[in-house]
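Enquirer: Take this sequence and fold it.
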Amino acid sequence: MAEQKQILHFCRDSVFHRIIIDLYEAVAPGQNRYVLVKEKDAYVSFKLEPEMEKLTKTEAKEALAKHEAVIFHSLSENNLWVAAQASLGQKVVWCSWGSDLGANHIYCSDETILEPKSYQANQQNRSVLLRTVKITLYKLLHQFPALQAAYFNRRIAKDKQPLREQAFSKIDYVSTILPPEREILSSLPNLNADYQWVNYGAVDMFVGDFYKKDIPLGQGMFVGHAAFFTCNHLDILPQIKALNYPHPIFIPMAYGNKYCKAALAEEAPKLFGQQLILQKEVLPKADYLKQLLACNIAVLNTKRQEALGTLITVLYLGMHTYLHPEGVLYKFCLEQGLKVHSTQTLKKGMDFPVGNAKEMEHNRGQLEKIYGREVVLSRIGNLVKKLQH
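Expert: The predicted structure is shown next:
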C-alpha cells in the first residue's frame, strides 16, 4: 500500500538524470526520490550521482508500492515492467524519451526515418538472409500503408504486448519530448492518460557559460549530433560536398553506433579531406561548445525526434540551422515560430550566411518562451501539483 508523499522517479541514463534532479529539486526540494532499475543482471556501467539509487526489479517493485506518485522518465524495458506493477490508486506519469515512444512504431522504422544511403549502410550490418527477407517484406508493405502501420504497431514480441498494455493502463499523465509527437499516443493500446507537456532541461542548462552572451562564430559547418544512421550523414554529406563549401566541416562522432562510426570514418574523408574535423573523443561540455562556436552553420538531417538539446544550443548561439523538411524537429520549429531552414535549400551556388543578428535575437526570444528556466519550472510545477493533490 502506498505510504510516502515523495515522488518516486524511475530515471533513464547518466546523460540527463542530473538535469532531472536539478529541475525537480528546484520545484519540490526534498520531496523526490530518484532510482534506476538494474539492467539484465548487471548494473549500468556509467557513473551515477549519489542521489541515484540502483535497484533490482524486486527492490523497484517494493519501492513503487510505498509511493503515491511515480514518474517514469522513459518506459525502457525495465521501467515498462515496473510501471505494469503499479496499483490503480497511485498517480503515474510517463515522460517519454522519444525512443520508447517510437519503438516498434512506423514513426521510427528504418524505412521511415532513414534516407537511402544511410538505410543501405545500416542494412549491411545485418545478416544477408535476414536483410533480404526484410527488404522484400518492406517493399510489399510499402504498397499497403494501412497494413504497414499495423505491422509496425504490433511488431513487439507477443509475450511483451500484454505487459505494455498493462503498463499503459496505469498511466494517468503522459508527456512527449515535443508536442508534434503527441499524435503517436492515439495508436498505443490501453493508454487513456491526460497529456501534460513537461521538459528535460532549460536553455541555460544547454548553453552553459555562453548563456546571454554574444560570441563571434567561426565559418565552419556542423553536421549531425552523433554517429547514428538516423542522422542520415551519408545522404547529406554528398549534397554538402556539391556546395564547394570552403570552410571546415565538423562532425561529432564521440558516441553512437559503431557501424555508423566506421562508415563515417571511411566516407567523410573522401569527400572533404583536410577540411574535415571528426570529433572522436568525448569532450567536456565547455570544450564541446567552443568547438561549436567555430561554426556558423548547423545541419541536422534527422527525421525522428533526436538532438533537441543540440538544436536549442545551435539556434541560441546564432547558427543558421538546416533541418530535414520531413522531420519532427522542423515541424516543431515552424509551429513555435523559430527561424530555421530546410536542407532542401542547401544547393550549389547558394550564398553562404555570415551571420544574422536579428535572426539570432528572434530565436533567442522564442527559445526563452519555450525553454526558459522559469517556463520549464512552471510546467514541472503544474505536474507536481497534480501529483500532490
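Enquirer: Going by C-alpha atoms from here, please, whenever you check contacts or count neighbours.
Expert: OK.
Enquirer: Helices of the stretch 1-150 of the chain, start to end?
Expert: 17-27, 57-65, 77-84, 99-102, 110-113, 116-123, 128-142, 145-153 (DSSP state H, counting those that start in this stretch).
Enquirer: Likewise for the stretch 151-300 of the chain?
Expert: Counting by DSSP H, counting those that start in this stretch, the helices of the stretch 151-300 of the chain are 161-169, 203-207, 233-241, 258-272, 285-292.
Enquirer: will you turn the ones you listed into CSV that also has mean pLDDT, mean neighbour count and distance to residue 343?
Expert: Converted to CSV, the helices of the stretch 151-300 of the chain look like this (pLDDT from 0 to 100; neighbours: other C-alpha atoms under 10 Å; distance: least, C-alpha to C-alpha, whole Å):
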stretch, mean pLDDT, mean neighbour count, distance to residue 343
helix 161-169, 87, 19, 37
helix 203-207, 95, 19, 24
helix 233-241, 97, 19, 8
helix 258-272, 95, 16, 18
helix 285-292, 90, 15, 19
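Enquirer: Residue 5: which of the ones you listed is closest?
Expert: helix 161-169 (21.8 Å; C-alpha to C-alpha).
Enquirer: circling back: of the helices of the stretch 151-300 of the chain, which is nearest residue 336?
Expert: helix 203-207 (15.0 Å).
Enquirer: And the closest one, what does it pack against?
Expert: helix 308-317, helix 357-371 (3 or more C-alpha pairs under 8 Å, 6 or more residues apart in numbering; DSSP states H and E).
Enquirer: among the helices of the stretch 151-300 of the chain, which is nearest residue 72?
Expert: Using C-alpha to C-alpha, the helices of the stretch 151-300 of the chain put helix 161-169 closest to residue 72, at 10.8 Å.
Enquirer: what about this structure, any weak spots by pLDDT?
Expert: 1-4, 13-15, 39-51, 102-107, 126-135, 138-139, 141-142, 145-146, 148-161 (pLDDT under 70).
Enquirer: And the residue nearest the centre of it?
Expert: residue 306 (3.4 Å; C-alpha atoms, centre = their mean).
Enquirer: which residue packs closest to that one, ignoring adjacent ones?
Expert: residue 98 (7.6 Å; C-alpha to C-alpha, 6 or more residues apart in numbering).
Enquirer: same thing with residue 218?
Expert: residue 294 (4.0 Å).
Enquirer: Show the contacting residues for the one you found.
Expert: Counting by C-alpha atoms under 8 Å, 6 or more residues apart in numbering, residue 294 makes contact with 217, 218, 219, 220.
Enquirer: Now with 6 Å, please.
Expert: Neighbour list for residue 294: 217, 218, 220 [criterion: C-alpha atoms under 6 Å, 6 or more residues apart in numbering].
Enquirer: Among those, name the ones in strands.
Expert: residue 220 (DSSP state E).
Enquirer: Distance of residue 178 relative to residue 287?
Expert: 28 Å (C-alpha to C-alpha, to the nearest Å).
Enquirer: Also residue 17?
Expert: From residue 17 to residue 287 the distance is 21 Å (C-alpha to C-alpha).
Enquirer: likewise residue 16?
Expert: In terms of C-alpha to C-alpha, residue 16 sits 19 Å off from residue 287.
Enquirer: State the distance from the residue nearest to the centre of the chain to residue 7.
Expert: Taking C-alpha to C-alpha, one finds residue 306 at 27 Å from residue 7.
Enquirer: repeat for residue 233
Expert: 41 Å.
Enquirer: go on, residue 227?
Expert: 35 Å.
Enquirer: go on, residue 69?
Expert: Taken as C-alpha to C-alpha, the span from residue 69 to residue 7 is 5 Å.
Enquirer: what's the answer for residue 191, then?
Expert: On the measure of C-alpha to C-alpha, residue 191 and residue 7 end up 22 Å apart.
Enquirer: Looking at these two, which one has more neighbours?
Expert: More crowded of residue 191 and residue 7, by other C-alpha atoms under 10 Å: residue 7, with 24 against 20.
Enquirer: Confirm for me that the more buried one is in contact with residue 30.
Expert: No. Contact criterion C-alpha atoms under 6 Å: residue 7 and residue 30 do not qualify, at 9.7 Å.
Enquirer: just so I know, which of the helices of the stretch 151-300 of the chain lies nearest residue 116?
Expert: Of all the helices of the stretch 151-300 of the chain, helix 233-241 comes closest under C-alpha to C-alpha, at 7.1 Å.
Enquirer: could you give the angle of the closest one to helix 116-123?
Expert: Helix 233-241 and helix 116-123 are oriented at 150 degrees to each other (axes from the mean of the first three to the mean of the last three C-alpha atoms, to 10 degrees).
Enquirer: What is helix 233-241 packed up against?
Expert: Secondary-structure packing of helix 233-241 (3 or more C-alpha pairs under 6 Å, 6 or more residues apart in numbering; DSSP states H and E): helix 116-123.
Enquirer: And for the helix it packs on, what's in contact with it?
Expert: Among residues not part of helix 116-123, those counted as contacts by C-alpha under 6 Å, 6+ apart are 229, 232, 234, 235.
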